[in-house]
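Participant: Provide a 3D model corresponding to the input given below.
(2 chains)
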There are 2 protein chains.
Amino acid sequence: MKAIGFKKHLPIEEEASLEMFDISKSEPKGRDLLVRVQAVSVNPVDTKIRGGSEGTEEAEPQILGFDAAGVVESVGGEASLFQPGDEVYYAGSNQRSGSNQQYHLVDERVVGRRPAQLSMAESAAMPLTAITAYEALFDRIGIVPERNRGASVLVLNGAGGVGSIAIQLAKWAGLNVVATASREETTAWCEQMGADKVINHHQPLFKQLQDAGYDGVDYILCFTDTAQHWSGMAECIRPQGTICSIVETEEPLPLTDLQAKSAAFMWEFMFTRPMYQTEDMIRQHVILDELADLFDQATIKPTLTETLTPLNAEQMKEAHRRVESGKTIGKIVLEHWQ
Amino acid sequence: MKAIGFKKHLPIEEEASLEMFDISKSEPKGRDLLVRVQAVSVNPVDTKIRGGSEGTEEAEPQILGFDAAGVVESVGGEASLFQPGDEVYYAGSNQRSGSNQQYHLVDERVVGRRPAQLSMAESAAMPLTAITAYEALFDRIGIVPERNRGASVLVLNGAGGVGSIAIQLAKWAGLNVVATASREETTAWCEQMGADKVINHHQPLFKQLQDAGYDGVDYILCFTDTAQHWSGMAECIRPQGTICSIVETEEPLPLTDLQAKSAAFMWEFMFTRPMYQTEDMIRQHVILDELADLFDQATIKPTLTETLTPLNAEQMKEAHRRVESGKTIGKIVLEHWQ
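Facilitator: Below you'll find the model as predicted:
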């Protein structure tokens, strides 16, 4: 069967940066599902893994990809949540072979039924970013819609993949949402996602918040360079507020900037649960099912903006190029194996 | 009336490092209470303020002190929680003149009725440390006893003022408590406070936890040097766990150490609420009243270990000397004005 990956970590301009491989199909065991993958999406993490440790060569082809939507082909002996024929979507695990293959093994505890009202491509666009945004808001920060209604959240990089769905989920939870963008089209997109106010992350944040009538914000979601925005975030966060970031940084940070305010800093990494096989790993199944309901009720909208076909190495390279440009809005999906 | 403070920031060996001043008594306005202070305790923050900016001279005498227990003498026109004659305890605010004076003004929203079963000295020992430990466990980390029963917490520096009461409150909440100490007498004290296990913070923490059968801990309370214990804490915290510290540090810290685990870092600073006059400032009144109930039911015990008399500049210097030694166990109180 077909699979897209690489043996050498190379810049995307190189022919061999992503290649089609012919690998063998496995049988599902335990709680695994074998999924016939119909559409996949590309996230910044894909490009980081491909480009990381540039030049080094892997012994085996590394199959990339996390987000996928498809149909359950067969199930392992201990699987109980899904049956062959079920249409599913998931972001999988960073500890296993990726979703850019025709038949893919995934633990059912991180899989959801795909939203019936969405296309296969729209479904494939959502899992990684939606789980990330959902976990950040509700599992890390711990926002409870009934209790936190009216609280304010600043979403740094609102037009990216995670930002686009985070704005919508924050609005669904009743929050007042300030998003950041820096171009006309990204600003318009943030408004379309539901942001109450859009400010520019290339200008001082606190001054812009004040001009818009905010004395600060209760929560900050950082979906861009954490180190670069550190002092701006420390200034904007209200006493007892919480900053949650998904972007790791090499730079040590002056944590004491948050001390007088008793503020908190949290990481959200959507692979923590599958990576550490936490007891509550099945939570991602629950989250994906809840998100499917929200999509099917049209409470939240898919953030797919570009669909590339066919699903081959050339188009995958094109998707990586666009994601690496840092200028994409929403999500890019590939479908139809060739 | 009498008040103890300083005009010059000096080492405690200097005669003028703490002096008795004669200052005038004020009238309470708004939600203020005028409290006849009968006992006060000394915390590390007192010695830091006195010793800070060494050598600089203040225009007016700086009256030190936070913790106090005493009797309400009179109340401001908008006060509604207390009446003259009520016996109270509180840690006050870092924005106002301190509690080391015979009659002290304090906002009633940060005052509680003192525990009836405790002595005045035992009551004065508790507010700052107990509010800090309570806020860290329940308001910052957000532990809910019914939900988090059986979770594990590591209390770094369990025998200090905050550690001693934090161990007890964590046990009350149903947690499994590992405390750290480094001497025989502090180890015994942690056990007396209820710690399930005591390890040594001068030895590698994770190895000791493993030897004791823990794969990590769900929460860490850091009541000692945050920078020094950073990597140890990053190693010990379980995936999705939370570290809460009260000790600020000049050193920038490698926050990304916590990223793969989606772990959180929170500050607890008990003066955040009065300092920023947060909307929920009255929470400290509620906390002190709840703590008074817990003391009166003997669910938790006062952590007073030394009472110095009389309450004058000489004894205050002795208390500062002991706190600065870093070897005190529990709390030191002064009473009986002279």
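Participant: which residues touch residue A:103?
Facilitator: Listed by Cβ atoms under 8 Å, 6 or more residues apart in numbering or on different chains, the contact partners of residue A:103 are A:1, A:25, A:26, A:34, A:35, A:36, A:37, A:73. Using the backbone N, CA and C atoms, a C-beta is placed for each residue, glycine as well.
Participant: Which one (most neighbours) among those?
Facilitator: In terms of neighbour count, residue A:35 stands highest of the contacts of residue A:103 at 31 neighbours, by other Cβ atoms under 10 Å in any protein chain shown.
Participant: List the buried residues for the strand or helix carrying residue A:50?
Facilitator: Here residue A:50, judged by DSSP states H and E, is contained in helix A:44-51. Across helix A:44-51, burial judged by 16 or more other Cβ atoms under 10 Å in any protein chain shown covers A:44, A:45, A:46, A:47, A:49, A:50, A:51.
Participant: Beyond that helix, next helix or strand please.
Facilitator: strand A:57-63.
Participant: which one of the buried residues of helix A:44-51 is nearest chain B?
Facilitator: Nearest to chain B among the buried residues of helix A:44-51 is residue A:45, at 12.6 Å by Cβ to the nearest Cβ.
Participant: Could you find the closest non-adjacent residue to the closest one?
Facilitator: Sequence neighbours aside, residue A:66 is the residue nearest to residue A:45 in space, at 6.8 Å (criterion: Cβ to Cβ, 6 or more residues apart in numbering or on different chains).
Participant: can I assume residue A:318 is in contact with residue A:308?
Facilitator: Yes: assessed by Cβ atoms under 8 Å, residue A:318 is found in contact with residue A:308 at 6.1 Å.
Participant: what's the helix or strand for residue A:234?
Facilitator: helix A:230-236.
Participant: Spell out which residues of the stretch 101-250 of chain A are next to chain B.
Facilitator: By Cβ under 8 Å from any Cβ of the partner chain, the residues of the stretch 101-250 of chain A that approach chain B are A:135, A:139, A:140, A:142, A:226, A:239, A:240, A:248, A:249, A:250.
Participant: so what's the last one closest to, chain neighbours aside?
Facilitator: In other words, residue A:250. Once flanking residues are discounted, residue A:250 sits nearest to residue B:256: 7.1 Å by Cβ to Cβ, 6+ apart.
Participant: if you skip the residues just before and after it, what's nearest to residue A:189?
Facilitator: Using Cβ to Cβ, 6+ apart and skipping the chain neighbours, the partner closest in space to residue A:189 is residue A:159 (4.7 Å).
Participant: and what of residue A:181?
Facilitator: residue A:187 (4.5 Å).
Participant: Surely that neighbour is in a strand?
Facilitator: No: counting by DSSP: H, G, I helix; E, B strand; the rest coil, residue A:187 falls outside a strand, being helix.
Participant: Starting from chain B, give me the distance back to it.
Facilitator: Per Cβ to the nearest Cβ, to the nearest Å, residue A:187 is found 29 Å from chain B.
Participant: mind giving me the domain split of chain A?
Facilitator: Domain segmentation of chain A under automatic domain parsing yields A:2-126+A:276-335, A:130-267.
Participant: Most tightly packed of the ones you listed?
Facilitator: Counting by mean count of other Cβ atoms under 10 Å in any protein chain shown, domain A:130-267 has the highest mean neighbour count of these, with a mean of 21.
Participant: one step back: isn't there a helix covering the residue nearest to residue A:189?
Facilitator: No: going by three-state DSSP, the assignment for residue A:159 is coil, not a helix.
Participant: Just the pLDDT for it.
Facilitator: pLDDT, residue A:159: 96.
Participant: That one reaches residue A:190, doesn't it?
Facilitator: Yes: using Cβ under 8 Å, residue A:159 is in contact with residue A:190, at 5.5 Å.
Participant: Report the contact partners of residue A:70.
Facilitator: Neighbouring residues of residue A:70 by Cβ under 8 Å, 6+ apart: A:35, A:36, A:37, A:38, A:39, A:87, A:88, A:104, A:120.
Participant: So for it, what's the pLDDT?
Facilitator: 98.
Participant: So it: helix, strand or coil?
Facilitator: Residue A:70 - assigned by three-state DSSP - is strand.
Participant: From residue A:185, how far out is residue A:168?
Facilitator: Counting by Cβ to Cβ, to the nearest Å, the gap from residue A:168 to residue A:185 is 18 Å.
Participant: likewise residue A:15?
Facilitator: Counting by Cβ to Cβ, the separation of residue A:15 from residue A:185 is 32 Å.
Participant: what about residue A:122, which helix or strand?
Facilitator: Assigned by DSSP H and E, residue A:122 falls in helix A:120-125.
Participant: which other residues reach that helix?
Facilitator: By Cβ under 8 Å, 6+ apart, the surrounding residues in contact with helix A:120-125 are A:38-41, A:67-70, A:87, A:89, A:114-115, A:302-304, A:307, A:330-333, A:335.
Participant: Please save the CA atoms from that helix in PDB.
Facilitator: What follows is helix A:120-125 as a C-alpha-only set of coordinates in PDB (Å, rounded to 0.1, in the frame of the first residue of the first chain):
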ATOM      1  CA  MET A 120     -14.400  13.800   4.500                       C
ATOM      2  CA  ALA A 121     -11.900  16.600   3.800                       C
ATOM      3  CA  GLU A 122     -13.500  19.000   6.300                       C
ATOM      4  CA  SER A 123     -13.400  16.200   8.900                       C
ATOM      5  CA  ALA A 124      -9.700  15.600   8.200                       C
ATOM      6  CA  ALA A 125      -8.900  19.200   8.700                       C
END
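Participant: Next secondary structure after that helix?
Facilitator: Using DSSP H and E, the helix or strand that follows helix A:120-125 in sequence is helix A:127-134.
Participant: now the next helix or strand after that next one: mean pLDDT?
Facilitator: Moving toward the C-terminus from helix A:127-134, the next helix or strand (DSSP H and E) is helix A:145-148. Across helix A:145-148, pLDDT averages out at 84.
Participant: Also stretch A:256-276?
Facilitator: 98.
Participant: Same check on stretch A:17-27?
Facilitator: Rounded mean pLDDT across stretch A:17-27 is 96.
Participant: quick one: it to chain centroid distance?
Facilitator: For stretch A:17-27, the separation from the chain centroid amounts to 24 Å (computed by Cα atoms, centre = their mean, to the nearest Å).
Participant: Would you mind writing the CA trace of that stretch as PDB?
Facilitator: In PDB, the C-alpha atoms belonging to stretch A:17-27 read as follows (Å, rounded to 0.1, in the frame of the first residue of the first chain):
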ATOM      1  CA  SER A  17      12.100  15.700   1.200                       C
ATOM      2  CA  LEU A  18       8.900  13.700   0.800                       C
ATOM      3  CA  GLU A  19       8.500  10.500  -1.200                       C
ATOM      4  CA  MET A  20       5.900   7.900  -1.800                       C
ATOM      5  CA  PHE A  21       6.800   4.500  -0.400                       C
ATOM      6  CA  ASP A  22       5.200   1.100  -0.800                       C
ATOM      7  CA  ILE A  23       4.800  -0.400   2.700                       C
ATOM      8  CA  SER A  24       3.000  -3.400   4.000                       C
ATOM      9  CA  LYS A  25      -0.400  -3.300   5.700                       C
ATOM     10  CA  SER A  26      -0.700  -4.400   9.300                       C
ATOM     11  CA  GLU A  27      -3.400  -6.200  11.300                       C
END
